[in-house]
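Asks: turn this into a structure:
(chains A, B, C and D, ligands or ions: 2)
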Amino acid sequence: MGYTPHTGSDKNRMLQAIGVDGVESLYGHIPQSLRERAGIGLPPGISERAVKKEMGVLAARNGTPEDCSLFLGGGIYHHFIPSTVDAIISRAEFATSYTPYQPEVSQGTLQATFEYQTLMCQLTGMEVCNAGLYDGASAVAEAVLMARRIQKRRHRVLLSRSLHPQYRAVVATYLRNMEGIEIVEVPWDKSGQSDAEFVANTMDDKTLCIVTGYPNFFGVIEDLAPMRDACNAHGALLITVTTEALSLALLKPPGEWGADIAVGEGQSLGLPMSLGGPGFGFFTCRKQFVRTMPGRLVGETVDHEGQRGFVLTLATREQHIRREKATSNICTTQSLCTLAATVFMASMGKSGMRHIAEINVARAHEARERLLREAGLTPVFDGPFFNEFVLEVKDLEPMLGRLESSRVVPGLALKQWYPELAQCLLVCVTEMNEREEIDQLVRTFTGKN
Amino acid sequence: MGYTPHTGSDKNRMLQAIGVDGVESLYGHIPQSLRERAGIGLPPGISERAVKKEMGVLAARNGTPEDCSLFLGGGIYHHFIPSTVDAIISRAEFATSYTPYQPEVSQGTLQATFEYQTLMCQLTGMEVCNAGLYDGASAVAEAVLMARRIQKRRHRVLLSRSLHPQYRAVVATYLRNMEGIEIVEVPWDKSGQSDAEFVANTMDDKTLCIVTGYPNFFGVIEDLAPMRDACNAHGALLITVTTEALSLALLKPPGEWGADIAVGEGQSLGLPMSLGGPGFGFFTCRKQFVRTMPGRLVGETVDHEGQRGFVLTLATREQHIRREKATSNICTTQSLCTLAATVFMASMGKSGMRHIAEINVARAHEARERLLREAGLTPVFDGPFFNEFVLEVKDLEPMLGRLESSRVVPGLALKQWYPELAQCLLVCVTEMNEREEIDQLVRTFTGKN
Amino acid sequence: MSGHSPEKTNHRAPRLLLFERGSPGRTAFSWPEELPSPQELIPSHLLRQEITDFPELGELEVLRHFTNLSHLNYSIEGQFYPLGSCTMKYNPKVNEAVVRLPGMAHIHPLAPLPLIQGALELLYNLERMLAEVCGMDHVTLQPAAGAQGELTGLMLIRAHMSAQGNPRKKILVPDTAHGTNPASSTLCGYEVTQVPSNNRGFLETEKVKQVMDEDVAALMITNPNTFGIFEQDIQSIAEVVHAQDGLVYMDGANMNALMGIAKPGQMGVDVLHVNLHKTFSTPHGGGGPGAGPVGVKGFLRDYLPVPRIQKGDGGFELGEDHPLSIGRVRSFLGNFGILARAYAYILALGGDGLEETSRMALLNANYIRKRLEPYYHLAFSAPCMHECVFTDRLQQKLGVTTMDIAKRLLDYGFHPPTIYFPLVVSGAIMIEPTETETPEILDSFTDAMIAIAREAKESPELVKTAPHSTPVSRLDEAGAARRLVLRWLAEDSVKTQG
Amino acid sequence: MSGHSPEKTNHRAPRLLLFERGSPGRTAFSWPEELPSPQELIPSHLLRQEITDFPELGELEVLRHFTNLSHLNYSIEGQFYPLGSCTMKYNPKVNEAVVRLPGMAHIHPLAPLPLIQGALELLYNLERMLAEVCGMDHVTLQPAAGAQGELTGLMLIRAHMSAQGNPRKKILVPDTAHGTNPASSTLCGYEVTQVPSNNRGFLETEKVKQVMDEDVAALMITNPNTFGIFEQDIQSIAEVVHAQDGLVYMDGANMNALMGIAKPGQMGVDVLHVNLHKTFSTPHGGGGPGAGPVGVKGFLRDYLPVPRIQKGDGGFELGEDHPLSIGRVRSFLGNFGILARAYAYILALGGDGLEETSRMALLNANYIRKRLEPYYHLAFSAPCMHECVFTDRLQQKLGVTTMDIAKRLLDYGFHPPTIYFPLVVSGAIMIEPTETETPEILDSFTDAMIAIAREAKESPELVKTAPHSTPVSRLDEAGAARRLVLRWLAEDSVKTQG
Ligand SMILES: Cc1ncc(COP(=O)(O)O)c(C=O)c1O
Ligand SMILES: Cc1ncc(COP(=O)(O)O)c(C=O)c1O
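Replies: Ligands and ions are numbered 1, 2, ... in the order given. Alright, predicted model coming up:
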């Protein structure tokens, strides 16, 4: 393949116009020592057909929900995506446009982003939302950094240990180079929620924020009241992190709990799993913090004729204007993914969002019930949950080993992140796991137990 | 699913405006006896997800070139389709627009169709091309009917027996109700071409046309000179029929042979096999016949400001104006398919079209050579061919029976259409049959012979 | 768009044809493979030279060309398309997705039966579904569009008549019929006798009685007819026809009005076709592909085209052995890709959903009818089904015609209704909203129509010179037919230099 | 578009927001399933009420809404996009097709390794390919965009420095750098020292020498820099930095100029990132998703983010056990869908194709540079690589600014170049055509630029009031920042009645 349109005579004409006699002359000023060693040791190009074939071969080596029964969540979820989503995001006018710096010819992206901001505010119950960040994990890191900007003199961060382990890892990476920040992990209680007593006891005036999953990594729905109280008592900020954004269609939204910043991963809202990316990080907060927010913001305005229009706004926070003083280094983010979420939410609508969330709750609860009752597995937490739950399984590891070739993946082994939960499995059940799959899941364990 | 947007209160508001109290009142004038038995005995609607699943289940019961080695042609070919094609034809602006009766808001379809007409003229070497017909088979029928309109007093049609059997069947169906038309089949000679002597002897002043495949159903490239001569001698029209349109990128085009009408199937030009439809019939002829042509035509014109524009033209031939006197009954045809072909040809371009045709020739010849040499199969015809050829295979039927579960389909058994070729197989090799597949094909026979 | 004068804006590149773009030797295609020269394999007198003037473009050039062309089109996914008789409803996206599955798109019609069982099952089921919706006994899916369905249906009738000893000579066609009806009749070797509708917009039994005789093979009736009116006499008309051993063909293009409301099979209809690209939501594609399945009563079964899709012991089969069959009307098995979309549509909606579809189609049409009645002359006062027909009688007095109204609608961002059809209504404006439109859209469309009615009074010139805001202004159609430029030729080219 | 005055055309519906469409209770979604009430399963104090004001639309409404929005966008598949520093090249369609294969799109990152071997192989190969193109030893694909790549790279440097005993304090950043460079430096806990380029458009060794000291962790250099000029002193600059045990970070956003022409790894670069959404053709998506892989020299390997993709005996593995690693910068394995597109791109082009890519990028930029030089002030006379920078110096004298020129270009159907960047050039106009554009396009673009230069002399008002032909005219950006309406609220709505 080649994507350069130049014919031999095109090249000649252009070289002549430029006044040089070969393309090489255009970079003759680059040191010869570099030029002569620049050859790329890769095979020659191949046809479009061969590209398709090669990619097909790789794709065939991966397992998908079409040929496997997956009960995997843990931050990436297999959800229904209406056909409208891909129809819109694959439109070249959206997919191949640049960041909307020229608003006159970018109203499509700008209006859709404004709608995205609104939808996420509605979903989270928060006041403002930015145009999106890379992923849920970096959104948490940005949230903590923002909390720090707001409360410069504080340095402790209370981080729920039940927050997604990879998110905690990213936060640690981002904060490592910030001087003086201390991270304190909040343990869980037997319900699987963050330990309220620990929070109450640990929170102090040095604490800049508390960060909790909502639902947390174990699928457990946190009761945010104790954390909000503790924050109020000490002036710290409450940051919620939602990896399963669909849950917010049913759960009391962070804004109603009084969250100061609510972030999370948006993949559930219309993006395929795609090995974990691209999705997007959503970032919402109280309006009073808007000037310290990271990322882009779209605002409504009017044109010279008074017509409604949209523009990127508050750019003075951003790197291209403020450089080393910017609120974040973010530039390109995940615009097409937030568009997907916008189309998704518009397609599901008010009742659809809730209905699909309810299906998740119903199926997950039914599956858990059956696994306890029929397969005799042991519950680990007794707190309320959305579509994921943790069970203890005797001889988990050998069992998973046996299943490796069976194309049934009953859940996520927690040992890698939580040695204390070595025999535990995080099981996720969504609307895409049909009844027969759940039967199969149960059989997987009854056959063994 | 439901695609009606009406809410309960929408309905009430509308009913109120209309002044009736229920939707039923709108059809209360239909006899009760009809209304009460109109219930549709079909299952209730299902979700989008369930539709996808159900269709996926059916799709999985079909064999595709991804999981089978197919050496099948016979009028439908598995060819490479550049990704540009689906990208364009799935654009809603093309896919969901109506027939371009309002040219001011249909310039996209109109210009593309004008381009299609031009491309097909270039490919066939003919002077004019219509906007497309249903398929190759009905295009032949329309061609014969047009020849009849041109030569009202003649009644014999010479039809090559090596023309696609289904096309001959459709012609027979269309002509059956035309009074006095007589079809004479032209046999083939040992080269697999139409028997020139038979043609010379049979052609007479009652003959309105001769219809031949080019290449014919056996893949053999007809030498059209004898037929042209015979036509000239008796004033009959030469009609060529191409089922493998890609071959025209390499073969001397019908126009150069002096064809009067050249028709065929366009599926090869950018359409998936799709169980044989939708593709499209192309229809080209000499300009002098344009007013007797069936189907739509797009012409270039100007608007009130002198800007170039395109419109449907010569509509006075068509059913919506001429009704029972129209040149054809055709209305909706295969517009999106001709668009696909237009994008295909534009993407392949002058050199690409030829190159891909050459790959077909090379692979087919190599495969035939190997089947003769390595597998000892017997050639049936010695005429030149494009990408299909006929071989005789001992014990063909039991062999095909054995292969049924092997996912190798070595070709098409000719017995169903040609009892005289009961042991013969029509093998098609395109650019999509990779070397390994051809190896497999050869092994299929060497393992047996 | 903000307002602007031409001198400020007319700087965009002129619209070029494919052939006026690109550069000699350029190509979007590359497939590295060493090949023997074709001359070694095929005698050179059978080979061609290069294809003169064929496009030579890069991949991005190709895409841009067609993407920009697409922007010149009106489409259902962009706007409301109130074309009467065309049923321009929403074409569900999920259908587009599922027909692109490899197991739908990449299957060969001549593959051994075990490799196409899924496809045959789909077709088999679809036949049953359509038969159920229409109240017919059997269905063939072979016809590629409505007109081919008509032809097929008439051939079935002819075959039946011939088997009775006489194919007969005539088809009765009401004056409201679509042009394809008489055209198909001719193509099937019949003469057409036109039957007038009455001034209330439907066909009276009496009128049929007057022309029905033993030369008449069939009556071809559209129901609801193209006025959008239900043929209320249809049952007694059918009796009249049947009494003389004639058959009743129903053009089911307007089936969108009837699903779950009345079944043609119960009205005395012997043969009908439906247009899947209308009622069953497959996209119109700028003029196809569509599909025109034909349904028949049991006594016509043996004449149906071959192959027939049959359920055998080992799975689905293609039955060729039907000696009375009219034969094939199309190659292979019809427009499978379209049939599969229709199947997905019916699956999604189910029986209840189809009924709701027709009900809402009626509701929308009647709402428009009511809103426009004070401003435009209604051709008939009879209740309408899925569409309604107005005329320009009121506006004609002001010098404004249906054509002007149609073009002016474009300025309001709306595609015009079907105009000047049915032919029997002078200056017809035929509006079919379909069920997939919201009342809000109907309101804005009717608001625009009402505004135009006002403009016709207050500033008729504005209407008569419309459209003012389309990519091109009114086109010289007469000139097109006179000059007859049907293809690009290098010598006419405006190709840019370079 | 034909010319027309506003009164004739301004009849189209106003642009509504999602929230201003639809009707209470309407829905595009249906999934018939009987469910227990959630209250039975989850305590009600954890449940919400309905989502106030959330959209309630039909499926066609949703599609129309976004389809029509899309028409308000400029895009690479519609037109030429000469944005400097953005590398808006063609995004191949085949890449879009292959990433939608179920085995690419529907795979779970936490699935057992046997179920993601194809994906891991792809990533493993892609790392090797990018390393080869850039002359680096190892690559991580985790960063989600260029800026995250920068941060990752700086963290690697910091980790290395810390391991040597001192993280150091400063990053040297040339004044031509993209804003993300200093911003990332801060985020990594460093201070930024800006280093001026010389008046020939590049960084001199001498200048670096003056500021290089043992507090400097690294120099962050962009090559070619944002003037489109190759940093000719880079090797000696690297020596200066290395001499003080500092490291050299290269911002590889402009790698499109260098493939097969010069390898950063041979210039003394220790760490670099590349933007797959620029050089490697993944679509920009209106602002992402992209990917910003980071390449390093061998001595930095141990610091790379975990997990590392490794080849083990049983297949590909995810290595977590790297104690010196900086950890994770992103969840899971990066923007896989983007990485897969870039992989397909590299496969298609191969080594030779990548080299030709850069060569043609240079040819196109130099051609534009040459054609515009007589009409616009060229910021630097040094030879340019893949982009060139002009200024508005000549037009300023006529009262016409870069902003005016940019907006006027819109009237000619062209997206403006990047403007007012690099910041150090007053009124910068930065043009990057990329290699996928034809000379014909470059001609029409430069013709437009030349015409505007003429207009600036002859009718400056026309230029200063542009654009005149866009969906909206110049927008009140100051007002937007003042009023700060960042979301729709019911009380501000212009919702149509009904
Ligand atoms: C009433 C009626 N009959 C027949 C037809 C012909 O159908 P098709 O265009 O599918 O051939 C149409 C379509 O326009 C129609 O409206
Ligand atoms: C030179 C340069 N560096 C860095 C970046 C930042 O890359 P990204 O937008 O992918 O974060 C850009 C992109 O605009 C750039 O042009």
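Asks: the longest helix belonging to chain A near chain C at all?
Replies: Across chain A, the helix with the greatest residue count (assigned by DSSP state H) is helix A:335-373. No. If you take Cβ under 8 Å from any Cβ of the partner chain as the test, helix A:335-373 misses chain C, and the best it gets is 9.7 Å. For glycine as for every other residue, the C-beta is placed from the backbone atoms N, C-alpha and C.
Asks: show me which positions of that helix end up buried.
Replies: Burial within helix A:335-373, assessed by neighbour count using 16 or more other Cβ atoms under 10 Å in any protein chain shown, is assigned to A:335-365, A:367-368, A:370-371.
Asks: contacting residues around the residue in the stretch 251-400 of chain A that chain B sits nearest to?
Replies: Residue of the stretch 251-400 of chain A nearest chain B, by Cβ to the nearest Cβ: residue A:347 (9.5 Å). With contacts defined as Cβ atoms under 8 Å, 6 or more residues apart in numbering or on different chains, residue A:347 is in contact with A:82, A:84, A:85, D:28, D:29, D:57, D:59, D:62.
Asks: next up, the contacts around the residue lying closest to the fifth one once chain neighbours are set aside.
Replies: Take residue D:29 and drop its neighbours on the chain: the residue closest to it by Cβ to Cβ, 6 or more residues apart in numbering or on different chains is residue A:352, 3.1 Å away. Neighbouring residues of residue A:352 by Cβ under 8 Å, 6+ apart: D:27, D:28, D:29, D:30, D:31.
Asks: at 10 Å what do you get?
Replies: A:80, A:82, A:249, A:344-346, D:27-31, D:54-56 (Cβ atoms under 10 Å, 6 or more residues apart in numbering or on different chains).
Asks: so the most centrally placed residue in chain A versus residue A:388, what's the distance?
Replies: In chain A, the residue lying closest to the centroid (Cα atoms, centre = their mean) is residue A:265, at 2.6 Å. Using Cβ to Cβ, to the nearest Å, one obtains 14 Å as the distance from residue A:265 to residue A:388.
Asks: please enumerate the shared neighbours of the two.
Replies: Contacts common to residue A:265 and residue A:388, judged by Cβ under 10 Å, 6+ apart, are A:75, A:77, A:243, A:244.
Asks: isn't the last one up against residue A:219?
Replies: Yes. The pair residue A:244 and residue A:219 passes the contact test of Cβ atoms under 10 Å, sitting 7.9 Å apart.
Asks: so what sits against both of these two?
Replies: In terms of Cβ under 10 Å, 6+ apart, residue A:244 and residue A:219 are both contacted by the residues A:73, A:74, A:213, A:386, A:387, A:388, A:428.
Asks: now residue A:437. Nearest residue, chain neighbours left out?
Replies: Per Cβ to Cβ, 6+ apart, closest to residue A:437 is residue A:69, 4.6 Å.
Asks: okay, and the beta partners of the one you found?
Replies: Applying DSSP bridges to residue A:69 gives these bridge partners: residue A:408.
Asks: could you check the pLDDT of it?
Replies: At residue A:69, the model reports a pLDDT of 95.
Asks: the one 10 residues further on too?
Replies: In this prediction, residue A:79 carries a pLDDT score of 98.
Asks: helix, strand or coil for the residue of chain A found nearest chain C?
Replies: Closest contact between chain A and chain C, by Cβ to the nearest Cβ, is at residue A:5 (3.2 Å). Under DSSP: H, G, I helix; E, B strand; the rest coil, residue A:5 falls in the coil class.
Asks: my guess is it contacts residue D:441, does it?
Replies: Yes. With contact defined as Cβ under 10 Å, residue A:5 reaches residue D:441; the gap is 9.0 Å.
Asks: returning to what we had before: from the contacts of residue A:352, which single one is nearest chain B?
Replies: residue D:31 (4.0 Å).
Asks: helix/strand/coil for residue 139?
Replies: Went with chain A since none was named. Strictly by three-state DSSP, residue A:139 counts as helix.
Asks: meant chain C actually
Replies: Residue C:139 ends up strand, using three-state DSSP.
Asks: from chain A, how far out is it?
Replies: Distance of residue C:139 to chain A, given as Cβ to the nearest Cβ, to the nearest Å: 28 Å.
Asks: run through the strands of the stretch 201-350 of chain C in chain order.
Replies: Taking DSSP state E, counting those that start in this stretch to define them, one finds strands in the stretch 201-350 of chain C at C:216-222, C:247-252, C:271-274, C:294-296, C:308-312, C:315-319.
Asks: what about the first one, near ligand 1?
Replies: Going back to what we said before, that points to strand C:216-222. Yes. Against ligand 1, strand C:216-222 shows contacts by Cβ under 6 Å from any ligand atom at residue C:222.
Asks: can you give me how far that strand is from the chain middle?
Replies: Strand C:216-222 sits 21 Å away from the centroid of its parent chain (Cα atoms, centre = their mean, to the nearest Å).
Asks: okay, now the unreliable bits of the stretch 1-150 of chain C?
Replies: By pLDDT under 70, the low-scoring segments of the stretch 1-150 of chain C are C:1-13.
Asks: for chain A, what are the nearby residues on it?
Replies: By the rule Cβ under 10 Å from any Cβ of the partner chain, the part of the stretch 1-150 of chain C lying against chain A is C:1-3, C:22-33, C:56-61, C:63-64, C:67, C:70-71, C:77, C:92-98, C:102.
Asks: now intersect those residues with the helices, please.
Replies: Per DSSP H, the residues of the stretch 1-150 of chain C next to chain A map to helices at C:59-61, C:63-64, C:67, C:70, C:93-98, C:102.
Asks: so which of the residues you listed are also by chain D?
Replies: C:59, C:60, C:61, C:63, C:64, C:67, C:70, C:93, C:94, C:102.
Asks: now the helices for the stretch 251-400 of chain A?
Replies: For the stretch 251-400 of chain A, the helices defined by DSSP state H, counting those that start in this stretch cover A:254-257, A:319-322, A:335-373, A:396-403.
Asks: among these, where is the model least confident on average?
Replies: Minimum mean pLDDT among the helices of the stretch 251-400 of chain A: helix A:319-322, a mean of 86.
Asks: would you list the phi and psi of the closest residue to residue C:425 other than its chain neighbours?
Replies: Once flanking residues are discounted, residue C:425 sits nearest to residue C:379: 4.8 Å by Cβ to Cβ, 6+ apart. The phi/psi pair for residue C:379 (degrees, to the nearest 10) reads phi -60, psi -40.
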